[in-house]
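S.K.: prediction below, plus the sequence it came from.
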Amino acid sequence: MNRVLWTLTLLLIMSLVTQNLVAPFTFVLAQEFEGFLEDMGDGEDAEMESPPFPIPVARSQHQEPSSRTAASTSSSSSSSSRNPNPDPGAAAAAATGSVRSGKRNEVENRKGMDPHEFWDEDEFEGLPVKLGEKESPSSPSSSAVQDEKIDSKQNKRSSKSYVLKPPQNYYMEGACVVFLVIYGTVYWLGKKKNERIALAWASQFVSKDSIFEKNFSLLGTGDGPDDPLLVKEGQNVFKFYASGRRYCEGLLATMEFQARHDLLSRAWYLVSPGKDELNIDVYMNDENMEPIVFALTRRKQGKEMLKECKDLQQFASMLSPPTGPRKWVAEELVVISESREIAVDLLTDGLLEQVFGKKAFQTVAPYFVSLHFSDQQAVGLHKKLLQFKFLIPPAERMADMARLISIVPYFIDAIGRYKLSGPARTKASGVRAKLDQENAKELAKARQEALQKKKMERETQLSSKQEEKERLRQLKKSMPKVKMSRGH
Amino acid sequence: MADKSDPRMPSAARPYVPALVDPNDLPPDYSSILAIIFGIAGVMMRQKAASFLSLVFIAQALANMKNLENDLKQIVMALTFAVMGLITNYLGPGPKVAAGST
């Protein structure tokens, strides 16, 4: 999941970067288009100042007549002289509203034309000069310029793909190639480092006279003595198999290192540091393990384990530390067990003193994750399983986890020899029998339901066939009847 | 620890049998999926960046490859798309022509 999150963020960043790369090109092109517009002459600059829509211009034209009519009423003599109507009677009527309406008509006719045409400097007095001046350059060219503007906008839009091509720079290409080269080197170095740690682990614990060699007769996946001890699955997963020991069928250790070979994952580790994990699964012989469910882990992880592991959920519960002088595990650890008896028997004084006690745990604390022993593992072929989870120290300090590794054979023997007391065993087997019964019931139920479903399907198929036949038969039967009735 | 006798039992040794894993149960390989998506995007939308991003994810998928046969199919597919996208972007008819035709 972490990797997914990281790739998504990277994706986001990359898309942002590419957008930024593209943006300047479009800008440059917009400039070009403006240069193209400059051919239009001075009108361009005026257009830049004038508002893009003709509405305010029209409004000012509407304002104009009112001011003009006001002027005309104040200086009626000049307006009557300009009046095209030569009739004096009409000139007399000009004092009333008729002239106003005539003027208004004239102004409205003007709208489509050049206002300069009818502009007489001497005609009106006391009129604000600015209004006319400001209006004059904008109104004639405004529509044309706006058309041009729309054209250029459309051009910009349609030429976006055209924009990407011409200014050739190879920043992105270069960055990608450099990134891939760095990726390659990191891959090589990370791979080597993971291999080095795995080999250091193997030489510490699997080589001659080491702990695994002393405990298992078969080491590695092959039969021959020269076969490799470790199996590599991917660049950061190594497996080690051992078998041939009392009480158990085999042991599989899986080392999962950080993805040091993957640059993107490594970058993610800057945000949330990765860990080198070692999971050891011991497959116990069926006859050598009592019904036991037991786990030991850190307090925080204990809750998660109780939620995630079905067997812990069903059989075990978190134990509170015992009151009294009895030794117990370190404070940061929590014991999850089927019964207190199991926990007390498994966590012997010797073990507490050497590994899990208050003082001893400090030395192994950085590398301990959890223990989980169960005879009810739902996963895989093996039901009786001891699982150890540790963290792997750096290659130079591999000996630090020697004590943790040594508890693996210790627990194989301890669990193999362990016998539950009478009442505890009856209780444990009773719970398991009950659960088995329930499971069997559920299984039988599911099986029956599946059978019924099949039957139903078959029946519906059959019945539909039968119905068809029946219908035909009925039809045949009914036919002569009808005929009979006709015969009557 | 108490028992000093040799715990080894050669008679009980069983050879290693790798656990069978159903390919459908494996977690999805996000990097190769992303590589394919970006590869297709690079071809369809004529985005060089998408093709290059696809290449990056191909590199990641290659680096994290575990099962050779299973993963290689997807990676090869993504690689075809990425290379196709790059070829159409750099060697193919320019987008200018494409923009004119549309």
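M.R.: Structure's in. What do you need?

S.K.: what values do phi and psi take at the closest residue to chain B within chain A?
M.R.: Of all residues in chain A, A:G244 sits closest to chain B, at 3.2 Å by Cβ to the nearest Cβ. Any C-beta I mention is one placed from the backbone N, CA and C, and that applies to glycine too. Main-chain dihedrals, A:G244, degrees, to the nearest 10: phi 90, psi 60.

S.K.: do A:E396 as well
M.R.: According to degrees, to the nearest 10, A:E396 has phi -80, psi -20.

S.K.: please apply the same query to A:G250.
M.R.: Given degrees, to the nearest 10, the pair of backbone angles that A:G250 has is phi -180, psi 170.

S.K.: where along chain B do the helices fall?
M.R.: Ranges of helices in chain B, per DSSP state H, are B:30-45, B:48-63, B:68-90, B:95-101.

S.K.: for the residue of chain B found nearest chain A, grab the count of nearby residues.
M.R.: Sorted by distance to chain A under Cβ to the nearest Cβ, the residues of chain B start with B:A13, at 3.2 Å. Using other Cβ atoms under 10 Å in any protein chain shown, B:A13 has 18 neighbouring residues.

S.K.: circling back to that earlier point, deepest of the helices of chain B, which one?
M.R.: Greatest average neighbour count among the helices of chain B goes to helix B:48-63 (a mean of 24), per mean count of other Cβ atoms under 10 Å in any protein chain shown.

S.K.: which residues of chain B lie near chain A?
M.R.: Residues of chain B lying close to chain A (Cβ under 8 Å from any Cβ of the partner chain) are B:1, B:3, B:7-16, B:18-19, B:30-31, B:34, B:46-49, B:52-53, B:55-57, B:59-60, B:63-66, B:94-96, B:98-99.

S.K.: if we can go back for a sec, and the gap between the residue of chain A closest to chain B and A:N215?
M.R.: 9 Å (Cβ to Cβ, to the nearest Å).

S.K.: quick check: neighbours shared by those two?
M.R.: The contact sets of A:G244 and A:N215 overlap at B:R8 (Cβ atoms under 8 Å, 6 or more residues apart in numbering or on different chains).

S.K.: for chain A, which spans come out with low pLDDT?
M.R.: Along chain A, segments meeting pLDDT under 70 span A:1-5, A:9-168, A:223-226, A:378-380, A:480-488.

S.K.: the domain parsing of it - what is it?
M.R.: Using automatic domain parsing, the domain ranges for chain A come out as A:2-164, A:177-422, A:423-488.

S.K.: by mean pLDDT, flag the weakest helix or strand of chain B.
M.R.: Lowest mean confidence among the helices and strands of chain B (mean pLDDT, DSSP states H and E): helix B:95-101, at a mean of 47.

S.K.: OK, contacts around A:A295?
M.R.: Residues counted as contacts of A:A295 (Cβ under 8 Å, 6+ apart) are A:302, A:305, A:309, A:312, A:316, A:335-337, A:370-374.

S.K.: got it, and A:P321?
M.R.: A:W328, A:V329.

S.K.: let's verify it: helix, strand, or coil?
M.R.: For A:P321, the secondary-structure state derived from DSSP: H, G, I helix; E, B strand; the rest coil is coil.
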